[in-house]
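Student: Pasted the sequence and its predicted model underneath.
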Amino acid sequence: MTNIIKAQKGTKDILPAEISKWYNLEKKAEEVFSFAGFKEIRTPIFEATELFARGVGDTTDIVNKEMYSFEKSERSLTLRPENTAGVVRSFIENGMHRLTAPVKLWYKGPMFRYERPQAGRQRQFHQVGVEMFGIKEPSADAEVILLAVNYLKSIGLCDLDVEINSLGCPNCRETFSKKLKDAIRPYLANMCPDCQERFEKNPLRLLDCKVPECNEVLNSEEIQNVITSEYICDECSEHFNKVKEYLDALNIKYSVNRLLVRGLDYYNRTVFEIKSNNLGSQNAVCGGGRYDSLVRHLGGVDTPAVGFAMGMERLNSLLPDVEDNKLDIFVVSSSSTEAFKVVNELRAAGFSADFDLSCKKFGKQIEKASKVASHAVIVCEDEIANNTVSIKDFSTSEQKTVSRNDYINCLK
RNA sequence: GCGGGUGUUGCCAAGUGGUUAAGGCCUCGGAUUGUGGUUCCGAUAUUCGUGGGUUCGAUUCCCACCUCUCGCCCCA
């Protein structure tokens, strides 16, 4: 026998038994986002590799070691590892900066990252997210966070922790990085190898290292003074305060986490994450923030933007399983032809209906009917002879025989 | 890329260095050729993750690889 071909590492089938959970996530996204004036956008699954190298940032792990890239006709292409870069590309390419601001977009779909799979992490996974372009005011930040919270609420997730932070503008970021590096430099030799590398590549990431020795350094009074000091400029600070005011006014509970640093290079000012305690180590269900320079960076007209993305598998794992809906009607018949006709009539009338294609004997058909449907419509010899059908309600076991001409009405 | 755990049928799951690999669920057939959800009977593993090795003999012992899983890194 030939070898069985299995799903690739880190990929999964979404089976019929779990599909209603997915439908629900997608349906609620459509509802909640369109209620807030967001329109869905669908961008290609693969893009030019350069888009991600420039868009996501070539200091990131995503770009350095997690991309599914391949060559075709001398072009380097990559399966999208996230969708912000793709949406921005589309925004620029389609001249959306000419539309009245804000341009509000949402998306859902598969993303690909070559990582070691673990709880809440696959190589092919799904994200649902929003991007809003053209508003530099802090109201946009608050609107996007509000939307995230409301979406999570709509799918039944209320008790999640919202954490926010401000990275400041590129200037603040550089000043702060420099201060931090200066402060840490004397202790660097005692810190973990990862931190040694972060020190050069992305100093802000030093802040959330989990290694005890590094924590010790970070918790020292000297470093803490740097961390808690006023690290962003007045303008950025005002922006951040305003965001917090909006969130307070909207009764959104949040905490400010100075150590929250998002891994993608394009963020500035507001960044946020929404976390759950029930997810194991990959505990963020939502991550987002402001990325004012990305559109310009990718060659578009300078346009401020904010957005977030959520991991749908992680959302699903927090949600209870839902039971499959039963069919309205299963047609039991001694004649396949009659069954076909009746099923067809029922479906046209708006009932979900099915019948036994292999025309097994009566007992088997009624057994199947009781398992998959709430009602049986019986069309056997007697009924056919008298131009009637029998309707059986499995919840009460009651059965009545009605005229074939208006049985549909008897079901309503 | 690094570390820990794991792998018996569609699913759950026992088991042993010796030849018929328990049991349960699901599925299918029958008791019951017009009435199901109860009951009873019957059927379903010839790669026991894959490939090597030890042995007269391995699903059981050893090695390698792979999967899944939990962590690290990083991220949703």
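Tutor: Perfect, I can see it now. Residues are numbered from 1 along each chain as shown, chains lettered A, B, ... in the order given.
Student: what about residue A:328, distance to residue A:228?
Tutor: The gap separating residue A:328 from residue A:228 is 62 Å, by C-beta to C-beta, to the nearest Å. Placement of C-beta: from N, CA and C, glycine included.
Student: neighbour-wise, which of those two wins?
Tutor: Set residue A:328 next to residue A:228 and count neighbours by other C-beta atoms under 10 Å: residue A:328 wins out with 18 against 9.
Student: For the residue nearest to that one when sequence neighbours are not counted, give me the backbone phi and psi.
Tutor: Leaving aside its sequence neighbours, residue A:328 sits nearest to residue A:351 (C-beta to C-beta, 6 or more residues apart in numbering; 4.2 Å). Phi and psi for residue A:351, reported as degrees, to the nearest 10, are phi -100, psi 140.
Student: What's the local residue count around residue A:351?
Tutor: The burial count assigned to residue A:351 is 18, neighbours taken as other C-beta under 10 Å.
Student: That one and residue A:410 touch, don't they?
Tutor: No: at 11.9 Å, residue A:351 and residue A:410 do not qualify as touching, with contact defined as C-beta atoms under 8 Å.
Student: that older thread, ok now do the residue nearest to residue A:328, which residues does it touch?
Tutor: Listed by C-beta atoms under 8 Å, 6 or more residues apart in numbering, the contact partners of residue A:351 are A:328, A:329, A:411.
Student: any idea how far it is from RNA strand B?
Tutor: With distances taken as C-beta to the nearest atom of the strand, to the nearest Å, residue A:351 is found 18 Å from RNA strand B.
Student: And residue A:34, by the same measure?
Tutor: Taking C-beta to the nearest atom of the strand, one finds residue A:34 at 22 Å from RNA strand B.
Student: That residue falls within a helix, correct?
Tutor: Yes: per DSSP: H, G, I helix; E, B strand; the rest coil, residue A:34 lies within a helix segment.
Student: elements contacting the helix or strand where residue A:410 lies?
Tutor: Applying DSSP states H and E as the criterion places residue A:410 in helix A:407-411. Applying 3 or more C-beta pairs under 8 Å, 6 or more residues apart in numbering; DSSP states H and E, we find helix A:407-411 packed against helix A:336-348, strand A:373-379, strand A:388-393.
Student: possible to save those as JSON lines with mean neighbour count?
Tutor: Shown next, in JSON lines, are the helices and strands packed on helix A:407-411 (neighbours: other C-beta atoms under 10 Å):
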{"stretch": "helix A:336-348", "mean neighbour count": "16"}
{"stretch": "strand A:373-379", "mean neighbour count": "23"}
{"stretch": "strand A:388-393", "mean neighbour count": "19"}
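Student: any chance of the ones you listed in TSV, with mean pLDDT and distance to residue A:242 too?
Tutor: Shown next, in TSV, are the helices and strands packed on helix A:407-411 (pLDDT from 0 to 100; distance: least, C-beta to C-beta, whole Å):
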stretch	mean pLDDT	distance to residue A:242
helix A:336-348	95	55
strand A:373-379	94	54
strand A:388-393	94	60
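Student: Those: which one's closest to residue A:248?
Tutor: For residue A:248, the closest of those is strand A:373-379, at 48.5 Å, according to C-beta to C-beta.
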